[in-house]
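Participant: What would the 3D arrangement of this be:
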Amino acid sequence: MRGRAPLLLAAAGLLAAAVAACGAPAPLLTPPPGAVVITAQGTAFVTQHVSAPAGAAFTLFFENRDNEAHNVHIWDAAGASVFPGEVIAGPKAIAMDIAALAAGTYHFTCDVHPGMTGELVAN
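Facilitator: Residues are numbered from 1 along each chain as shown. From the prediction side, this is the model:
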């Protein structure tokens with residue numbers, strides 16, 4: 001039995017390498033401290049109401065838990081695009097730098113799925 005231990009360890013290592021090579025999903029990133037976090041899952045924004053500091057740049061951490069593409073597109077109250085957001089295929093997470101927003105209420109959507117909506121308040 002003693003002679004089989006190295007063989008079993010080698011087999012376990014090969015199995016782990018094979019699983020990794022087959023495209024097993026990589027772990028998602030962790031949000032940076034102080035980031036505004038928005039999560040998409042089930043073709044919906046799980047996070048529908050967030051707040052950000054007014055007048056200061058901030059980090060938006062977007063976690064797409066679906067196996068399809070989504071983005072976070074931020075719009076001002078007049079309907080003008082403020083930040084279009086990168087479309088990412090999931091599952092994946094990205095951190096994006098957002099320029100300072102004036103105090104107020106903004107809404108966000110997914111360009112791929114316009115029914116996905118949420119609200120961001122800069123205060």
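Participant: Test my guess that Pro53 contacts Ala122.
Facilitator: Yes - in this structure Pro53 lies within contact range of Ala122 using CB atoms under 8 Å: 7.0 Å. To be clear about C-beta, it is placed using only N, CA and C from the backbone, and glycine gets the same treatment.
Participant: Same drill for the two, tell me which one is more crowded.
Facilitator: A direct count of neighbours by other CB atoms under 10 Å for Pro53 and Ala122 places Ala122 higher, at 23 against 14.
Participant: That one pairs with what?
Facilitator: According to DSSP bridges, the residues that bridge with Ala122 are Ala52, Gly104.
Participant: list the contacts for it?
Facilitator: The contact partners of Ala122, by CB atoms under 8 Å, 6 or more residues apart in numbering, come to Ser51, Ala52, Pro53, Ala54, Gly55, Leu101, Ala102, Ala103, Gly104, Thr105, Tyr106.
Participant: Would you mind measuring from the residue nearest to the fifth one when sequence neighbours are not counted to Ala93?
Facilitator: What it means is Gly55. On the basis of CB to CB, 6 or more residues apart in numbering, the spatially nearest residue to Gly55 that is not a chain neighbour turns out to be Ala100, at 5.3 Å. The span separating Ala100 from Ala93 equals 23 Å under the rule CB to CB, to the nearest Å.
Participant: hmm, back to that, which of the contacts of Ala122 has the largest number of neighbours?
Facilitator: Counting neighbours by other CB under 10 Å, the one among the contacts of Ala122 with the most is Leu101, which has 22 neighbours.
Participant: Cool, thanks, talk later.
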